[in-house]
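> Based on what follows, work out the 3D shape:
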Amino acid sequence: MKAKDIVSILVKEKLLFLTGVSCSYLRHFLAYINSNSNPLQHIIATSEGEAVGISVGYYLATNKIPIIYLQNSGFGNTINPLTSLMDKEVYSIPAILFLTWRGEPGKKDEPQHKKMGRIMISLLNNLEIPYEFARNNIEETTKLIRKLKIKAEQEKKPVALVFRSNLIDEEENKYKSASINSSLIIREEILKILLPKIGDNPIVTTTGKTSRELFELREKFNHSHKTDFLTVGSMGCAPGIGLGIALQTKKKVFIIDGDGALLMKLGIIGTIGYYKPKNLIHIILDNGAYESTGGQPTISNILNWKQLLKSTGYKSVLVIKSKKQLEKIDFKRNKCPYAIIIFSRQGSRSNLGRPTSSPIENKKIFMNYLKNN
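Here you go, the predicted model:
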């Protein structure tokens, strides 16, 4: 199917409100919505649980069914509001989940998707959420969405349409969902400048392309991976991991984060500010997009990072907007917790690979490094 086909179905069925967190399986659909005039109201959420709350508010105000889109890796973020807010035994709120199936058994995927991929259907059954599998043609998908809408309306409960990979035509790549600032440098170039300055100190990188690029840079320059913890899944958890390490060591601990990931669990900046570790440096690479899932925009462009981080207790905050400023960074001069916001351009190498070591191997060498340092 094409993205415009799905939009036409939603318009026909009067399903005009959607909110959620992006997934690469839905990237062409979301890009089309963001770049073309249509009657859909699209609210970009910072977490899947937040999207559930937004959709409940929409239903309460309109008595109309919302669409919540999400990757199954973020399905866990919805368990609490699905069971304690939307459930028939609480407020009995109808909604249609557009749920993608990463890690589907029998299909190759990354380690962080395997467990959820294997248990997703059982989880839907345990949550008593009826579901259907999206088809690759407009007629069948129309029937399924209509069927799910009727069920949601009649039973006043969430239902789900499950999307497997490659259901939406790649032709929709011509639509772009987030602007690219060509005056900024890309993330991998930023990492090349940062790594010599960080030296032999522990680094925790956020999920997505940041961890992949760090791994490949180490390989390219024949560096050891021992100092690097690659948060390959668990979006938004890198700062918490970094804080937990910093409170147990005297070494400087570096977190390399992304705007979308940090927004997903923004409360961590208050926790960091409260405990004020004197050895924590939090680097936030802000390209205004969920680049790993197709470049959908985040809401970071409305934030004043400096004021926000200062207000939560960070001792020092630096904003970087150019390569020259980046090259002048000195991590020894500022009090910690120290935040550095580096604005970057979207983009990565077309041949960017993935870590060749397993998460377990990464964990073991990193723990051994911390133990001996």
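
> Would you confirm that Lys114 contacts Gly103?
Yes. Here Lys114 reaches Gly103: they are 4.9 Å apart, a contact under Cβ atoms under 8 Å. Glycine gets a C-beta too; all of them are placed from N, C-alpha and C.

> Please say which of these two ends up with more neighbours.
More neighbours surround Gly103 than the other of Lys114 and Gly103, with 20 against 15 (other Cβ atoms under 10 Å).

> Show me where the protein has its helices.
With DSSP state H as the criterion, the chain has helices at 3-12, 27-35, 48-62, 79-81, 111-126, 138-155, 187-198, 209-220, 238-246, 259-264, 268-275, 305-311, 323-327, 359-371.

> Quick one: these as JSON lines, columns for distance to Leu161 too.
Listed next are those as JSON lines, based on distance: least, Cβ to Cβ, whole Å:
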{"stretch": "helix 3-12", "distance to Leu161": "10"}
{"stretch": "helix 27-35", "distance to Leu161": "12"}
{"stretch": "helix 48-62", "distance to Leu161": "15"}
{"stretch": "helix 79-81", "distance to Leu161": "19"}
{"stretch": "helix 111-126", "distance to Leu161": "11"}
{"stretch": "helix 138-155", "distance to Leu161": "6"}
{"stretch": "helix 187-198", "distance to Leu161": "33"}
{"stretch": "helix 209-220", "distance to Leu161": "28"}
{"stretch": "helix 238-246", "distance to Leu161": "31"}
{"stretch": "helix 259-264", "distance to Leu161": "23"}
{"stretch": "helix 268-275", "distance to Leu161": "32"}
{"stretch": "helix 305-311", "distance to Leu161": "36"}
{"stretch": "helix 323-327", "distance to Leu161": "44"}
{"stretch": "helix 359-371", "distance to Leu161": "31"}
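
> Let me have those helices in TSV, extended by distance to Gly294 and mean pLDDT.
Converted to TSV, the helices of the chain look like this (distance: least, Cβ to Cβ, whole Å; pLDDT from 0 to 100):
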stretch	distance to Gly294	mean pLDDT
helix 3-12	11	95
helix 27-35	3	91
helix 48-62	17	98
helix 79-81	25	97
helix 111-126	16	96
helix 138-155	20	97
helix 187-198	16	97
helix 209-220	12	95
helix 238-246	21	98
helix 259-264	12	97
helix 268-275	25	98
helix 305-311	24	98
helix 323-327	26	95
helix 359-371	24	96
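
> Most tightly packed of those helices?
Among the helices of the chain, helix 259-264 has the highest mean neighbour count (mean count of other Cβ atoms under 10 Å), at a mean of 26.

> which outside residues touch that helix?
21, 46-47, 206-208, 235-236, 238-239, 268-269, 284-290, 298-300 (Cβ atoms under 8 Å, 6 or more residues apart in numbering).

> Give the ChimeraX command for selecting the buried subset of these.
A single ChimeraX command suffices to select whichever of the contacts of helix 259-264 are buried according to 16 or more other Cβ atoms under 10 Å:
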select :21,46,47,206,207,208,235,236,238,239,268,269,284,285,286,287,288,289,290,298,300
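
> Out of the contacts of helix 259-264, list just those in strands.
Secondary structure defined by DSSP state E assigns Ile284, Leu285, Asp286, Ala289, Tyr290 of the contacts of helix 259-264 to strands.

> what bridges to the fourth one?
Beta-bridge pairing of Ala289, defined through DSSP bridges, involves Pro297.

> Just confirm it contacts Ile299, I think it does.
No. The pair Ala289 / Ile299 is not scored as a contact, 10.9 Å apart, by Cβ under 8 Å.

> anything in contact with each of those two?
Contacts common to Ala289 and Ile299, judged by Cβ under 8 Å, 6+ apart, are absent.
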